[in-house]
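1. Please find the sequence and the predicted model below.
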Amino acid sequence: MKKTLVFAAAAAGMTALSTGVQAQDCTTKVGAVLPTSVDWGRPIAEVAQFAVDQVNDAGGAAGCSIEMVLRDTQVDPKVGVDAAKALVDLEGIKVLLGAVSSGVSMPILTSVTVPSGVMQMSCCSSSTAFTVLSEEGKTDGLWFRTFATTSVQSAMGAKVAADKGWKSVAILYKNDDWGQDMSRLIAADFAAAGIEVKANVAINDAQPSYRAEVTEALGSQPDALYLALYPTEGKSAVREWISLGGTQNMILANSLKSDEFRDAVGMQYLGNAFGTDTASPRVESADAFKAAYTAKFGSEPNGPGLANSYDATMIALLAMEAAGADASGADIAAAVSKVTDPNGTPVTADTAGFTTAKETLSGGGTVMYQGATGNVRFDANGDVSAPAVVWKFTDAGTDEVEYLSLTEVDAYIASLKK
Amino acid sequence: MIGVLSYLVFFTTVAAILSIAVLGLNLQWGNTGLFNGGVVASFGAGAYGTLILGGPPQEGQLGGFELFYPLALFGGLLFAGGLAWMVGKLTLRLRHDYLAIATFGVAVAFENVMRNATNVTGGAQGIRGFERPMMETLGSGLTYNLAFLISVLVVLALVYVFLERLTVSPFGRLLRAIREDETAARSLGKAPARIRLLAFVTGSVIIGLAGALYGTFYAFVSPQDVLPILTFQIWAMLIVGGAGNNKGAIAGAFLIWGAWTFSGWALSRFAPIEVQLYTGSIQFVLIGMVIVGMLLWRPQGLFPERLVVSQPGGGTREKTQAEGLT
């Protein structure tokens, strides 16, 4: 089965080389501002380009082939905003993908995309500030993100601890907007689930050692450790944690779902480490994405934001298709609901799916996109909720421990709120 | 066409804002010889001060006073100046590299305070929701950006004229005297400590002004805006432009910021598709090479410092390098 899929993907690629590109004689540009000068940022850009290639194999969107103009943000707000402005003004883009850091996405949103009426779709910005900004009506409905809000992750973290019977936890969190949000939410969720939070310690980036922070967390002698960190800091912190005799009961945020982290810490210490993530739905499109990704890049999509970046790109392009030629950014943003309609025709996340979507949309129908992160559905603020999964590391990648459907996730979150 | 114009307006605004910061640093380093490694602290103080005072109220956060914009701006400058005065009082007895290390430390501490003082600064999420002044009358399009650019250019011109006059005045001569030989200045009955502090605070207020305009323009500020990289960018601009020369400071800001953004644009447009993903890294290498090249072949900068002899009547007479100072 897997072999056939890989073969099919390869065959599709070959056809694209020979005919796909010439099928259209016009080109529509979409912009991407992503931190390609950072190690984990480059795969996010690669997978976005991969989605664009697949759409071009299906003959492009809105009657034209798509060119993704990629600019580096260097994780510097000034550089990112300038890049976004250049894309909007000089390249005439109507859709902007990015950025990753909320601190870069936010000034782009307030000073470039909203004033220019360009739709912005981020794969990875997680700050709760966007939800508030949108509630205040300052995003003009142009803002979307495929990164499920942190509340899904934090609720799942609490569920893992409750299910395992761990009575107390220490939290280590990355000291940025995402990490601060995470630590606040998870602490509240742990408390709601009756689990004591003994320590809540910030981890600053790029320090040679985290001994002081780890010792502080260790001093409280928790049953388990919760980690809202990225691989680079995560591996140093966890190594010190284990070498100082900390518990191997760990709960990991999805940002640590990386081979780099597993290899650096060592499988023998990760037997009792459970990760949480938003999940792929139980449909073929998720497998198709995994297979296609593996065929293309030679490894499973195990990095932060890869599936999200893929979905962000696909949904943006589907919305362009739905909005038709010469659509404005606002038109495209309005068309997003047409391609993520829960009552629409289900389409998979690949070339064939895009072709189906094109046919359905041209017939006046609506589409339910089943992507790499699930049946993506945006709420009024451009946020997504998603099914969730609890996972474990294995020698080859990760294995699923438990799957919770969207309804179960929502029910669990509601039970915590009581 | 309108797109190019719109982008140029945007680019010039950011470059002009950075020019103001470089001018401030030029007063400190170029004229007085104070090695300020914490430019970003003053910059951030201006931005945070203005947005906290002028922004709308946020839940669970101090601030949101929604002051009239000029008042908020003034508050931002006051904050930048006050911070500089405190830092100056504590560190200005240090010389050269020691001063650089101390001020660098202050800047890193500043960033960390902004990141963690969630009740005041919004923490890592920063301060959002600021309403830019005059937005209602001018709309949010090109007209607004054009008006904003003109205001920034006016401010830049005012700062430039102020600093030019300062440089040729007896006070400017005193600054240079302290820079060249503090003991000699003291032996002539001057008080270097006081003058150094004055120059440091004035320079920091100018840098804070740049920060305030920056925060206003983006309607947002977060700890990511006050990372040490900004200090290095502003230093690179001054070194390339020419320390001690105000024209050089402005030219350096436009050139370096231009190179920074243009290289990104050019690489994304002309580089082959396989290289696209590496443009970020290539860009870093290119910019680094420009700075190293400048230091090797033209360490005095594009516009070297002019030697100026101020005359008692207020007139000035320029001397060439060969003639030297008498």
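-> Everything's here; your move. Numbers count the residues shown, from 1 in each chain, chains lettered A, B, ... in the order given.

2. and stretch B:70-82, how far out from the chain's middle?
-> Centre-to-centre, stretch B:70-82 and its host chain are 15 Å apart (C-alpha atoms, centre = their mean, to the nearest Å).

3. for that stretch, which positions count as buried?
-> Using 16 or more other C-beta atoms under 10 Å in any protein chain shown as the test for burial, stretch B:70-82 gives B:72-82. C-beta coordinates here come from the backbone N, C-alpha and C atoms, glycine included.

4. Tell me who's in contact with residue A:347.
-> A:285, A:353-354, A:356-357, A:360, A:367-370 (C-beta atoms under 8 Å, 6 or more residues apart in numbering or on different chains).

5. leaving aside the residues next to it on the chain, what's closest to residue 117?
-> I'll assume chain A. residue A:329 (4.7 Å; C-beta to C-beta, 6 or more residues apart in numbering or on different chains).

6. if you could check chain B rather than the one you did, that'd help
-> residue B:123 (7.2 Å).

7. And stretch A:138-152, end to end?
-> 25 Å (C-alpha to C-alpha, to the nearest Å).

8. Near residue B:290, how many other residues are there?
-> 17 (other C-beta atoms under 10 Å in any protein chain shown).

9. mind listing what the closest residue to chain B within the stretch 1-150 of chain A touches?
-> Across the stretch 1-150 of chain A, the shortest distance to chain B (C-beta to the nearest C-beta) belongs to residue A:37, at 2.8 Å. Contact analysis of residue A:37 by C-beta under 8 Å, 6+ apart lists A:72, A:74-75, B:280-281, B:283-284.

10. before we move on, what about residue B:56?
-> Contacts for residue B:56 (C-beta under 8 Å, 6+ apart) come out as B:64, B:66, B:129-131.

11. Which residues are in contact with the residue nearest to residue B:117?
-> A:177, A:180, B:115-117, B:223.

12. Please produce a ChimeraX select command covering the buried subset of the residues you listed.
-> Selecting the buried subset of the contacts of residue B:123 in ChimeraX, with 16+ other C-beta under 10 Å as the burial test, is done by:
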select /A:177,180 /B:115,116,223
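
13. coming back round to it: hang on, the residue nearest to residue A:117 packs against residue A:142?
-> Yes: between residue A:329 and residue A:142 there is a contact under C-beta atoms under 8 Å: 6.2 Å.

14. Spit out the residues that contact these two alike.
-> Joint contacts of residue A:329 and residue A:142 (C-beta under 8 Å, 6+ apart) are A:113, A:117-119.

15. Turn these into TSV, columns for neighbour count, distance to residue B:305 and pLDDT.
-> Below are those laid out as TSV (neighbours: other C-beta atoms under 10 Å in any protein chain shown; distance: C-beta to C-beta, whole Å; pLDDT from 0 to 100):
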residue	neighbour count	distance to residue B:305	pLDDT
A:113	27	43	92
A:117	17	47	91
A:118	25	45	94
A:119	31	49	95
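
16. Can you lay out the residues you listed as TSV showing distance to residue B:249?
-> Output for the shared contacts of residue A:329 and residue A:142, formatted as TSV (distance: C-beta to C-beta, whole Å):
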residue	distance to residue B:249
A:113	32
A:117	37
A:118	34
A:119	39
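
17. Out of those residues, which is nearest to residue B:108?
-> residue A:113 (31.6 Å; C-beta to C-beta).

18. Once you drop chain neighbours, what's closest to residue A:179?
-> residue A:173 (4.0 Å).

19. I figured that neighbour was touching residue A:201, is that so?
-> Yes: applying C-beta under 8 Å, one finds residue A:173 in contact with residue A:201, separated by 7.5 Å.

20. ok, these two, which is more surrounded?
-> Neighbour comparison, residue A:173 and residue A:201: the larger count goes to residue A:173, with 24 against 20 (by other C-beta under 10 Å).

21. which helices and strands does the helix or strand hosting that one pack with?
-> Assigned by DSSP states H and E, residue A:173 belongs to strand A:168-174. Judged by 3 or more C-beta pairs under 8 Å, 6 or more residues apart in numbering or on different chains; DSSP states H and E, the packing partners of strand A:168-174 are helix A:177-192, strand A:196-203, helix A:211-219, strand A:224-228.
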